[in-house]
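Undergrad: Below is the structure, and that's it, no one-letter string:
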């Protein structure tokens with residue numbers, strides 16, 4: 001007990017209070033003593049009384065001043081005794097008051113300790129949520145709550161990564177094992193059958209590679225390990241478009257760019273480039289030969305935007321709200337055996353930057369995906385809901 005903070009605070013509080021009281025009482029006693037005359041009051045003497053010349057005897061006599069002096073001495077002795085008694089009482093009272101005050105001061109610390117003791121690796125939902133004045137202990141509790149939020153989000157991302165990986169990797173692994181077992185179990189298999197099995201295994205491993213990369217990107221962006229820096233959104237979009245120019249030409253597509261000036265913001269350059277690249281990957285994959293894929297970027301008030309428009313099959317009204325869900329795949333994506341994580345990753349990246357992703361699409365008329373991101377100066381107005389490419393002429 002003597003090694004606890006509460007005990008040390010109690011001793012400190014009581015020592016300060018006792019010292020202050022002792023100084024006050026000592027000062028009062030000194031001032032009163034200095035202003036009061038005190039002399040020994042044993043100076044009485046005998047006075048002779050006579051009547052008509054006849055000796056009557058002697059009687060002790062004390063002057064009035066001596067009476068006052070005696071009262072002063074007695075008063076100072078009484079004051080000294082009461083002061084000592086008061087100091088003794090204050091010593092005990094200061095210990096009690098110090099113990100109570102230190103307990104109240106340390107109550108938030110006990111709440112923090114109790115909450116952290118109750119936290120387990122499998123359950124990070126507990127929070128301190130300390131109420132009271134906005135002081136240092138409240139700041140400490142809020143900091144711990146914020147840390148727990150980040151830890152819970154990191155653990156959730158980790159669990160989701162494991163669940164997603166175990167769920168999505170089961171199918172390609174089964175395909176690989178089935179084909180390998182079939183080839184190994186059939187020594188008489190022809191060369192054509194072996195080549196076909198190898199091709200199937202190759203496609204399955206390619207899908208696994210793409211799936212693992214997407215899962216890692218998704219989990220990484222759900223965490224807090226961002227590499228934010230000053231960047232130009234127009235340059236980011238241009239870099240992503242440059243990467244897909246050759247692929248678009250190989251598929252017989254025209255990739256046009258309309259990137260307006262500099263669009264400064266703060267964010268993760270690589271993550272944003274990946275978001276635009278994911279949109280371009282879908283646009284190039286889904287657009288028919290001879291079509292056009294458009295990439296544009298601009299500003300709307302305090303918001304920056306970059307958009308990708310394709311001439312693909314488009315989305316139905318019931319599919320549009322689901323397009324950003326994890327592992328949701330449209331008909332074309334299911335045929336191409338894509339992971340269904342690309343647009344979910346785009347949404348994670350944009351929302352982690354304080355932005356929003358929107359889709360404008362009609363079945364059979366293609367789709368336009370717009371990334372709204374706050375500028376470096378900040379965005380005070382709500383996120384726009386318009387399609388910035390409506391009426392835009394690309395160059």
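TA: Thanks, I have it. The model shown is predicted, which means the values in this text are computed figures rather than measured ones. Residues are numbered from 1 along each chain as shown.

Undergrad: Sketch out the helices for the stretch 101-250 of the chain, chain order is fine.
TA: 107-118, 136-168, 170-185, 191-222, 233-250 (DSSP state H, counting those that start in this stretch).

Undergrad: Please name the nearest non-neighbouring residue to residue 108.
TA: Spatially, and ignoring its direct neighbours in sequence, residue 108 is nearest to residue 137 (4.2 Å; C-beta to C-beta, 6 or more residues apart in numbering). C-beta here means a position set from N, CA and C on the backbone, and glycine is covered the same way.

Undergrad: That should have said residue 239, apologies.
TA: residue 273 (5.7 Å).

Undergrad: that older thread, how many other residues sit next to the residue nearest to residue 108?
TA: 18 (other C-beta atoms under 10 Å).

Undergrad: Verify the stated contact: it with residue 128.
TA: No - between residue 137 and residue 128 there is no contact under C-beta atoms under 8 Å: 10.2 Å.

Undergrad: that older thread, now do the same for the residue nearest to residue 239: helix, strand or coil?
TA: helix (DSSP: H, G, I helix; E, B strand; the rest coil).

Undergrad: That one against residue 238, yeah?
TA: No - with contacts counted by C-beta under 8 Å, residue 273 stays clear of residue 238, the gap being 9.8 Å.

Undergrad: tell me the most buried of the helices of the stretch 101-250 of the chain?
TA: helix 233-250 (a mean of 18; mean count of other C-beta atoms under 10 Å).

Undergrad: which is the next helix or strand following that one?
TA: strand 254-259 (DSSP states H and E).

Undergrad: hmm, who's touching that following strand?
TA: Residues from elsewhere that reach strand 254-259 (C-beta atoms under 8 Å, 6 or more residues apart in numbering): 234, 237-238, 241, 244-245, 248-249, 284, 291-297, 392-395.

Undergrad: hmm, 6 Å instead?
TA: For strand 254-259, the external contacting residues (C-beta atoms under 6 Å, 6 or more residues apart in numbering) are 234, 237-238, 241, 245, 248, 292-297, 394-395.

Undergrad: Can you add distance to residue 321 and give those back as a markdown table?
TA: Shown next, in a markdown table, are the contacts of strand 254-259 (distance: C-beta to C-beta, whole Å):
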| residue | distance to residue 321 |
| --- | --- |
| 234 | 30 |
| 237 | 26 |
| 238 | 31 |
| 241 | 28 |
| 245 | 32 |
| 248 | 29 |
| 292 | 27 |
| 293 | 24 |
| 294 | 24 |
| 295 | 25 |
| 296 | 24 |
| 297 | 25 |
| 394 | 28 |
| 395 | 33 |
